[in-house]
Structure formats: C-alpha cells, structure tokens
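> sequence and predicted structure, then a few things I'm wondering about:
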Amino acid sequence: MSAIDEACEAYERHLHEPWATHVSGPERVWMLVYRPADERRLLHRLPMFETTTIAQGKKWMQLDISGRFEDWLNNHEYRDEYLADPELLQHGALDEFAERLCDGLRTELQAADDQTVVGLIGAPSLFGMLRLSSVISAIAGDVPGRLLVFFPGTRHDNNYRLLDGYDGWNYLAVPIN
C-alpha cells in the first residue's frame, strides 16, 4: 500500500470519530503530514480524499493557495519594482499579501458549513515568503467544520516543519499521520 493510500485511510479513521461542536479554531484543524517527496502523488490522488469524505456523509470543499502570490503580485501597483528588486518585498509587502490571502480564505470559508471538510492545498507555495502557521492561526476561527491541511513535511510531537525547512512551529492541530 502506498504512503498516500495509508494517509487516506488515516484520514478516514478521523472522519469516523464524532465531531465535537464546541471546539476552538485550532482544534478544528487537521494536519495531514506526508513526505515532501510525495507531494505530486498526493495532488494526483486528491479526488480519493473527496470521495472518502462524501462516503462518510460529510461535504468536501477544496481551497488551493498555490498561485495566489503570483496573482497578488501580478495585480500589484508596484509589481515591476518588486520584480526588479525582490528585496523590496521584505518591507511590508509580504504582510500585505498575507492579509489579502487570509481575507480571501475567510471569504471562501463562508461557503462551508459545520459538516464540511475544507481541504487546503498549496502550502509549499508559501515557503520562504510566509509562515503557514500564521495563515492557519489567522483563519482557524473561521472554519465552521474542519480544515484539512495537506502538509508536506514532518511532525515531532506538535512541532511541524514545512518541507523540512524551518525550525518549525508548535501547533495544537489534530495530526493525521
């Protein structure tokens, strides 16, 4: 059995558990941790997670954050300046992007209800620009059902490292390994 099949089975076990209705935002976040080398395989097999979700009587919604930085930058008034000197992005522009990203995700989450699993893909696209932990923390309180974060990296206890790169962060999400 492939690592992705095993991840889907672990996810299915979490779907079988009753959903508490009065939990904090961070407790509504599920982190599906897998090896970064399996990213393309996982993306190819995403429909399997949707099928599993629906088979368990829940709804599925997918949010893809890859490409959002490019869209933001392409429409930014200082795009040419940022492209000519990317160091300029470090002076507040990335904070502006983070705010725009989180606002957009909050708006999209309004389409979900308390029986919806929202699959968040594209975490690697933030690597080196924003910390995924900041994005998750900013939107966790707006998740009505569950947020399933597809996380290519590692987890030791509650310490997550995206793409095995950063020192990591300690997060209270429910891990799915």
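Cool, got the structure.
> ok, which stretches of this structure are strands?
Assigned by DSSP state E, the chain shows strands spanning 29-34, 59-64, 116-121, 146-156, 159-162, 169-170, 174-176.
> most neighbours per residue, which of the ones you listed?
strand 116-121 (a mean of 23; mean count of other CB atoms under 10 Å). In this view, the C-beta of every residue, glycine as well, is placed from N, C-alpha and C.
> low-confidence ranges in this protein?
1, 154, 156-177 (pLDDT under 70).
> can you do 80?
The chain contains residues with pLDDT under 80 at 1, 21, 91, 128, 153-177.
> and residue 17, how many neighbours?
Number of residues near residue 17 (other CB atoms under 10 Å) recorded here: 8.
> measure residue 57 to residue 8 for me?
The gap separating residue 57 from residue 8 is 17 Å, by CB to CB, to the nearest Å.
> which of these two has more neighbours?
Neighbour count, other CB under 10 Å: between residue 57 and residue 8, residue 8 has more, with 21 against 8.
> surely the more buried one is in contact with residue 52?
Yes - counting by CB atoms under 8 Å, residue 8 does reach residue 52; the two are 5.9 Å apart.
> re earlier: out of the strands of the chain, which gets nearest to residue 90?
Closest to residue 90 of the strands of the chain is strand 159-162 (CB to CB; 19.3 Å).
> show me where this structure has helices.
Assigned by DSSP state H, the helices in the chain fall at 3-16, 39-44, 46-55, 68-74, 79-84, 93-109, 132-139.
> which secondary structure elements does the third one sit against?
By that I understand helix 46-55. When contacts are defined as 3 or more CB pairs under 8 Å, 6 or more residues apart in numbering; DSSP states H and E, helix 46-55 packs onto helix 3-16, strand 59-64, strand 116-121.
> put the alpha carbons of the last one into CSV.
Translated: strand 116-121. Provided in CSV are the C-alpha atoms of strand 116-121 (Å, rounded to 0.1, in the frame of the first residue of the first chain):
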residue,chain,number,x,y,z
THR,A,116,-17.8,20.5,5.6
VAL,A,117,-14.2,19.4,5.4
VAL,A,118,-12.1,22.1,3.7
GLY,A,119,-9.0,20.6,2.1
LEU,A,120,-6.2,23.2,2.0
ILE,A,121,-3.6,22.5,-0.6
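> direction included, what does that strand pair up with?
Strand pairing for strand 116-121, determined by DSSP bridges: strand 59-64 (parallel), strand 146-156 (parallel).
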